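how would this look folded up:
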Amino acid sequence: MKTTKYIIIILVTFVLTGCTRDNFLDFQPKGQVIPSKIEEFRALLDQVEPDPNVNFTQGFGTHHDFTIIASDNYLLTEEVRASFGISPEEINLYLFKEQISTSNGDDNNWIRYYNQIYVANVVLEGLKTVENGTPEAIAEVRADASLQRAFAYFNLVNIYSVHYNPETADTDLGVPIRDGIELEGADFTRASVAEIYNLILNDINNNIEALPDLQPANLSFRPSKAGAYAFLARVLIYQAKYEEALEAVNQGLALKNTLRDINNDPADPRDANVLAYPLAVQDEQLIWFKDSGGFSVVTTPEFYGLYDDNDQRKKWFADARTYFFAEIDNPVFVAHRANNNTNVSLTTADLYLMRAECNARLGNIDAANNDLNTLRVNRFETGTYSSINITNQEDLIAFVKDEIRREKAMSTLRIFDIKRYNRFDNANITVTHSLDGETASLTPNSLNWALPIATNYILANPEIEQNPRQ
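The predicted structure is shown next:
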């Protein structure tokens, strides 16, 4: 077996077999049990280690937390670096270097998502000959694996490719499609952006009906119909298919529309002026849990200034000087202290915001305002909120974008959103960062918005074409 192909598939340990990467790649490890029953394939997908005091830690729940560094929400200065111990890889990304990967040449996001895709493929292949299980149970596990795989591809194509453009998507470089589970003779030539989006949409649309309407709170790491519709809406919005996305959002909200009033969230035990997020099992608006690792960053004054004083989301930030004892002079610098589930996970708040965006873009002005007000009254200090009524369509779309930014706070989706705004709205957003006397910029629709692929993957697999740089 060609070890060079391991570079793209770094397997997670199987929770029920104890297989290592090397013996599992032989697929018939001596003395080990190859999954063959429905409960074993379910265990491969779950891989959950819940702790009552933290959120779920889980193979398919882990999500990239790195790309936020390239956004206009994030601030890195010499003081911040000294106080927070910023890694060389973070500095490389902040300054948009031609190579960002770790010292051993690996890219943790690349590894993470191809890990997830491979394990999903193991399940999908195994279900073809599964030894037990009802047709309904098999279909649900197949749907779970397909949705998890689609989620991984969605993040890969948005990290390592230029944004979807209907005019060029058939030729724009996407990412390799990992078919099946065999490594011998595998071809990792990059598929087009269009092919990746088609794969994602097929995985979602072909499997929604097999999922339960909702998952119980203790199983929110599994996809449901509501979660699948929310994810489908996001994918369609990223393709500027707003009418189709609106239909998906409405189907999701028909299954779950509960919003959490954050006035009821507890204060952070370290700082009474900071609101703590609830855990995943306690978050009534959570639909599909995804864990970004709780990445805390320092925000730009411009981003922090988007919040009104009565907006309780402003309390998702702490003064870095007092909370972290950081040696930072400027009081505007604040560190994001949100729990990791609401920035990355799919929630009813996402559904309301996506519906507001679709309606605003489609000219349904009253409907967009209504959804914004429904969300925002649960975000402002009780008794202080005044409803908005924005009648100009361009102003309304701009407000929705700012509201997404406020609600998603330090979400890794910010980079993806900048790319789509520049592509479809001519938003002309340039991100400029300076550190140690060096200044670097990402200009609208630059090829450099597609992050570079780690060099060692390309050296080992020459069919993987590197992203061109500008």
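
Let's see stretch 348-363 as CSV, backbone CA atoms only.
C-alpha atoms of stretch 348-363 as CSV (Å, rounded to 0.1, in the frame of the first residue of the first chain):
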residue,chain,number,x,y,z
THR,A,348,-32.8,28.6,15.3
ALA,A,349,-31.0,32.0,15.4
ASP,A,350,-29.2,31.0,12.2
LEU,A,351,-32.6,30.1,10.6
TYR,A,352,-34.1,33.5,11.5
LEU,A,353,-31.1,35.3,10.1
MET,A,354,-31.0,33.3,7.0
ARG,A,355,-34.7,33.9,6.4
ALA,A,356,-34.2,37.6,7.0
GLU,A,357,-31.4,37.7,4.5
CYS,A,358,-33.3,35.8,1.8
ASN,A,359,-36.4,37.9,2.3
ALA,A,360,-34.3,41.1,2.2
ARG,A,361,-32.6,40.1,-1.0
LEU,A,362,-35.9,39.0,-2.5
GLY,A,363,-37.6,42.3,-1.7
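
Which positions within it qualify as buried?
348-361 (16 or more other CB atoms under 10 Å). (Each C-beta comes from the backbone N, C-alpha and C, glycine too.)

I'd like those as TSV, with pLDDT and secondary structure appended.
What follows is those, written out as TSV (pLDDT from 0 to 100; DSSP: H, G, I helix; E, B strand; the rest coil):
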residue	pLDDT	secondary structure
348	98	helix
349	97	helix
350	97	helix
351	98	helix
352	98	helix
353	98	helix
354	98	helix
355	98	helix
356	98	helix
357	98	helix
358	98	helix
359	98	helix
360	98	helix
361	98	helix
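
any idea which of those residues is the one closest to residue 240?
residue 361 (8.4 Å; CB to CB).

burial of residue 183, as a residue count?
18 (other CB atoms under 10 Å).

Ok, residue 112 next?
Neighbours of residue 112 (other CB under 10 Å): 20.

measure it to residue 66 for me?
Distance from residue 112 to residue 66, counting by CB to CB, to the nearest Å: 10 Å.

got it, and residue 428?
From residue 428 to residue 66 the distance is 25 Å (CB to CB).

And these two? Which one has more around it.
It is residue 66, of residue 428 and residue 66, that has more neighbours when counted by other CB under 10 Å, with 21 against 10.

ok, the closest residue to the more buried one other than its chain neighbours - contacts?
Spatially, and ignoring its direct neighbours in sequence, residue 66 is nearest to residue 109 (6.0 Å; CB to CB, 6 or more residues apart in numbering). Neighbour list for residue 109: 64, 66-67, 155, 159 [criterion: CB atoms under 8 Å, 6 or more residues apart in numbering].

Can you name the helix or strand that residue 109 falls in?
Using DSSP states H and E, residue 109 sits within helix 108-126.

quick one: buried residues of the helix or strand that that helix is followed by?
Sequence order places helix 135-160 as the next helix or strand after helix 108-126, per DSSP H and E. Under the neighbour-count criterion of 16+ other CB under 10 Å, helix 135-160 has 137-160 buried.

again with stretch 83-100
Within stretch 83-100, judged by 16+ other CB under 10 Å, the buried ones are 83-84, 86, 89-97, 100.

got it, and stretch 363-379?
If you call a residue buried by 16+ other CB under 10 Å, then stretch 363-379 has these buried ones: 364-365, 367-376, 378-379.

what comes into contact with it?
Contacts for stretch 363-379 (CB under 8 Å, 6+ apart): 259-263, 311-313, 349, 352-353, 355-357, 359-360, 385, 387-391, 393, 396, 399-400, 403, 406-407.

Could you check how far the residue nearest to the spatial centre of the chain is from residue 67?
Closest to where the C-alpha atoms of the chain average out (CA atoms, centre = their mean) is residue 344, at 5.0 Å. For residue 344, the distance to residue 67 (CB to CB) stands at 11 Å.

Find residues that contact each of these two.
Joint contacts of residue 344 and residue 67 (CB under 8 Å, 6+ apart) are residue 412.

Residue 115 and residue 148, how far apart?
For residue 115 relative to residue 148 (CB to CB), the value is 11 Å.

and what of residue 241?
Distance from residue 241 to residue 148, by CB to CB: 23 Å.

any idea of the pLDDT on the closest residue to residue 258 other than its chain neighbours?
Spatial nearest neighbour of residue 258, excluding adjacent residues (CB to CB, 6+ apart): residue 284 at 5.2 Å. Predicted confidence (pLDDT) for residue 284: 95.

Equivalent analysis for the one 10 residues further on, please.
Here, the pLDDT recorded for residue 294 equals 54.

quick one: low-confidence parts of the stretch 351-470 of the chain?
By pLDDT under 70, the stretch 351-470 of the chain contains no weakly predicted segment.

which stretches of it form strands?
431-435, 438-442 (DSSP state E, counting those that start in this stretch).

nearest to residue 203, of the ones you listed?
strand 438-442 (30.1 Å).

Can you tell me which of the strands of the stretch 351-470 of the chain is nearest to residue 127?
So among the strands of the stretch 351-470 of the chain, strand 438-442 is nearest, using CB to CB, at 42.1 Å.

And for that closest one, what's in contact with it?
70, 95-96, 430-434, 448-449.

Buried subset of the residues you listed, written for PyMOL?
Remark: buried members of those, expressed as a PyMOL selection using 16+ other CB under 10 Å:
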select buried, resi 70+95+96+431+433+448+449
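
Relative to residue 176, which of the contacts of strand 438-442 is nearest.
Nearest to residue 176 among the contacts of strand 438-442, with distances taken as CB to CB, is residue 449, at 19.4 Å.

For residue 446, see how far away the spatially closest residue to the closest one that is not a sequence neighbour is.
Using CB to CB, 6+ apart and skipping residues adjacent in sequence, the residue nearest residue 449 is residue 419, 5.3 Å away. Distance, residue 419 to residue 446, using CB to CB: 10 Å.

Give me the more crowded residue out of those two.
The neighbour count for residue 419 versus residue 446, taken as other CB under 10 Å, is higher for residue 419 (24 against 17).

so who does the more buried one touch?
158, 162-163, 449.

next one: residue 403
Per CB under 8 Å, 6+ apart, neighbours of residue 403: 353, 356, 372, 375-376.

Poorly predicted segments of the protein, please.
1-33, 48-59, 61-62, 64-65, 292-297, 325-326, 329-343.

Restricted to helices, list the contacts of residue 419.
residue 158 (DSSP state H).

one step back: mind giving me a markdown table with the contacts of residue 403 and columns for distance to residue 233?
Converted to a markdown table, those look like this (distance: CB to CB, whole Å):
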| residue | distance to residue 233 |
| --- | --- |
| 353 | 10 |
| 356 | 12 |
| 372 | 17 |
| 375 | 15 |
| 376 | 20 |
